[in-house]
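[1] sequence below, structure please.
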Amino acid sequence: MRTGLAAILALLAWPAQAHWENTRWGMSEARVIAALRGSVRVLPVNERRPIPGARIEYRVGGDFRSGSLTMRVAFAFDGRTGGLVCVSAQADEAHGPAMRARLERLFGPPQERGRDPPSGPGIETLGWTRPDEIDLQIAPGRPVTLLHCARGV
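    Numbering: from 1, shown residues only. Prediction:
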């Protein structure tokens, strides 16, 4: 009986970290590139983006494709450990519904929702706080933007 209950609880438990696609939080630059089969590359020094006030820097980037969805992605690494901590992505406005559906399929409905302006067709922001920190921003006439980070970053 205890084994059956433990199995049910394990199925109901939310994963500690979701990671991003085939990558895992803490991976090195080389491992991220290998996990995505070379579709991303180490960014030249002049294209890297340090985040002011944080100890992270975007050092790997490229295009990610899954079915008809194409995103421009950038991977941020911790300045002390060198491990992957965040992924940023942008896609054409037309990919907004597909990105939202993908996130909802993987992580359930968003825990946070916002619209600016509240009464119009402005910027829609969706957020997930479990199992990772995820923000999706959809705005008419602008690229869809995703920020997906390990918890606590």
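
[2] count of neighbours near residue 72?
    14 (other C-beta atoms under 10 Å). C-beta: built from backbone N, CA, C; applies to glycine.

[3] contacting residues around it?
    61-64, 89-91 (C-beta atoms under 8 Å, 6 or more residues apart in numbering).

[4] just the ones of those in strands?
    61-64, 89-91 (DSSP state E).

[5] can you pick the most crowded of these?
    Neighbour max across those (other C-beta under 10 Å) = residue 89, 24 neighbours.

[6] for that residue, give its distance to residue 149.
    12 Å (C-beta to C-beta, to the nearest Å).

[7] do residue 42 as well
    20 Å.

[8] of those two, which one has the most company?
    residue 149 (19 against 16).

[9] could you give the bridge partners of that one?
    Assessed by DSSP bridges, residue 149 has beta-bridge partners residue 86, residue 133.

[10] hmm, residue 85 and it touching each other?
    Yes. Between residue 149 and residue 85 there is a contact under C-beta atoms under 8 Å: 6.1 Å.

[11] who touches both of these two?
    With C-beta under 8 Å, 6+ apart as the test, residue 149 and residue 85 both reach residue 76.

[12] quick one: low-confidence ranges for this structure?
    Low-confidence segments of the chain (pLDDT under 70): 1-18, 117-120.

[13] now the helices: where do they sit in it?
    2-12, 29-35, 96-107 (DSSP state H).

[14] separation between the closest residue to residue 60 other than its chain neighbours and residue 54?
    In this structure, residue 60 finds its nearest non-sequential neighbour in residue 75, 4.1 Å apart by C-beta to C-beta, 6 or more residues apart in numbering. Plainly put, residue 75 is 14 Å away from residue 54 if you go by C-beta to C-beta.

[15] just the buried positions in stretch 97-107, please.
    Buried residues in stretch 97-107, counted by 16 or more other C-beta atoms under 10 Å: 98-100, 102-103, 107.

[16] same check, this time on stretch 65-72
    Neighbour count says stretch 65-72 has residue 71 buried, by 16+ other C-beta under 10 Å.

[17] and stretch 32-48, how far apart are its ends?
    From its first residue to its last, stretch 32-48 covers 16 Å (C-alpha to C-alpha, to the nearest Å).
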